[in-house]
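K.L.:
Following is a predicted model, sequence given first.
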Amino acid sequence: MNIALIGYGKMGRILERTALERGHRVAAAVDPFVSGAPAVSGAPLYATIAEWTQLSGAGNRVDVAVEFTRPDTAVENIRALIEKGIPTVAGTTGWYDHLEEIEALVEGRKGSFCWSSNYSLGVNLFYRIAAFAAKLSDPFPEYDVGGWEFHHNKKIDSPSGTAKILAEKILAAMTRKKKAVWEKLDRPPAPDELHFPSLRLGSMPGVHAVCFDSPADTIEITHTGRSRDGLALGAIRAAEWLVNCAGPGKPAGSARSGVFTIDDVMEDILKEGTQRKEK
């Protein structure tokens with residue numbers, strides 16, 4: 001599978017390494033803020049998508065683009081890639097107020113697009129585990145439910161996007177919890193409130209936890225992210241899925257048409273695992 005990396009900062013380089021480890025080729029990297037060329041893999045490095053696609057028809061030599069940049073450039077990047085017919089996996093967050101516009105563009109161009117706020121396979125498994133646990137606990141009012149998230153002190157947003165999605169999935173799985181409360185509480189939480197505070201401290205890794213607590217005992221489920229490698233692996237696996245790549249080192253087939261998320265990727269991976277078990 002031939003991949004273009006849109007964004008070649010820390011995350012772009014981890015994506016590059018992950019793609020190579022899975023037997024793929026990085027055909028190009030695009031980043032206006034990174035000087036010098038080529039990339040570590042030997043791929044040519046361009047300042048803009050326009051420059052990349054105009055030189056030697058480079059856009060025709062890739063199967064998929066993986067975009068990890070910044071909220072203020074993501075929409076322009078995604079639009080350019082879709083307009084040029086390049087299947088795209090987008091990992092940048094903070095641009096979702098333009099999602100309807102991008103969805104309409106993908107539909108009109110019969111394009112191929114996958115987006116997610118978190119491509120970590122572990123986080124997406126954690127979502128499912130936490131939601132299932134919440135559903136199991138729902139008939140037992142003895143177990144109150146809450147959560148928390150910790151991150152390093154350089155993180156800008158609070159609560160994290162992962163925490164917001166986690167809370168949404170827990171609330172969707174329960175009838176006795178109706179809303180999340182993110183700010184500090186100077187009162188007892190209402191029975192239908194899911195309290196989910198944040199802490200920013202030092203160099204802490206991303207930690208998200210859900211707790212089911214009763215007077216008799218406690219059940220706690222925690223996900224700790226140690227590096228960005230999990231994000232990179234999930235994004236590359238999403239790229240393989242989007243262009244129907246049979247696996248590491250295998251050629252890409254016809255790209256799937258439409259707008260997808262990591263949930264679609266995870267459902268297929270889990271389905272394949274179930275089918276293998278049944279055989």
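P.N.:
Cool, got the structure.
K.L.:
make it CA atoms for all contacts and neighbour counts henceforth
P.N.:
Fine.
K.L.:
What are the boundaries of the strands in the stretch 1-150 of the chain?
P.N.:
In the stretch 1-150 of the chain, the strands defined using DSSP state E, counting those that start in this stretch lie at 2-6, 25-30, 45-46, 64-67, 88-90, 112-115, 144-151.
K.L.:
Contacts for the longest one next, please.
P.N.:
When contacts are defined by CA atoms under 8 Å, 6 or more residues apart in numbering, strand 144-151 is touched by residues 134, 159-160, 163, 194-201, 203-214.
K.L.:
do stretch 235-252 as well
P.N.:
1, 15, 18-19, 22-24, 63-66, 87-89, 91, 112-114, 119-120, 253-256, 262, 265.
K.L.:
ok, 6 Å please
P.N.:
1, 22-24, 119, 253-256 (CA atoms under 6 Å, 6 or more residues apart in numbering).
K.L.:
Using CSV, please lay out the strands of the stretch 1-150 of the chain together with mean neighbour count.
P.N.:
Listed next are the strands of the stretch 1-150 of the chain as CSV, based on neighbours: other CA atoms under 10 Å:
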stretch, mean neighbour count
strand 2-6, 25
strand 25-30, 25
strand 45-46, 25
strand 64-67, 27
strand 88-90, 28
strand 112-115, 25
strand 144-151, 22
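K.L.:
what's the spacing between E149 and I170?
P.N.:
The gap separating E149 from I170 is 15 Å, by CA to CA, to the nearest Å.
K.L.:
what do you get for W182?
P.N.:
14 Å.
K.L.:
between those two, who's got more neighbours?
P.N.:
I170 (27 against 17; other CA atoms under 10 Å).
K.L.:
dump the residue contacts of that one.
P.N.:
131, 134.
K.L.:
element containing it?
P.N.:
helix 161-173 (DSSP states H and E).
K.L.:
mind listing what's buried in that helix?
P.N.:
Neighbour-count burial for helix 161-173 flags 162-163, 166-171, 173 (criterion: 16 or more other CA atoms under 10 Å).
K.L.:
what ranges do the helices span in this structure?
P.N.:
10-21, 49-54, 71-83, 99-109, 121-137, 161-173, 229-242, 262-278 (DSSP state H).
K.L.:
Surely S203 is in contact with H152?
P.N.:
Yes. Here S203 reaches H152: they are 4.5 Å apart, a contact under CA atoms under 6 Å.
K.L.:
Just the buried ones from the contacts of stretch 235-252?
P.N.:
Counted by 16+ other CA under 10 Å, the contacts of stretch 235-252 give 1, 22, 24, 119, 255-256 as buried.
K.L.:
Please determine how far A47 is located from I86.
P.N.:
18 Å.
K.L.:
who has more neighbours, these two?
P.N.:
I86 (21 against 16).
K.L.:
if I look at the more buried one, how far off is G253?
P.N.:
Taking CA to CA, one finds I86 at 13 Å from G253.
K.L.:
can you give me the offset of the helix holding I170 from its chain's centre?
P.N.:
Distance of helix 161-173 from its chain centroid, counting by CA atoms, centre = their mean, to the nearest Å, is 15 Å.
K.L.:
can you check stretch 186-194 too?
P.N.:
With CA atoms, centre = their mean, you get 30 Å for stretch 186-194.
K.L.:
could you give me the average pLDDT of that stretch?
P.N.:
Here stretch 186-194 scores 95 as its mean pLDDT.
K.L.:
likewise stretch 250-264?
P.N.:
pLDDT averaged over stretch 250-264 gives 93.
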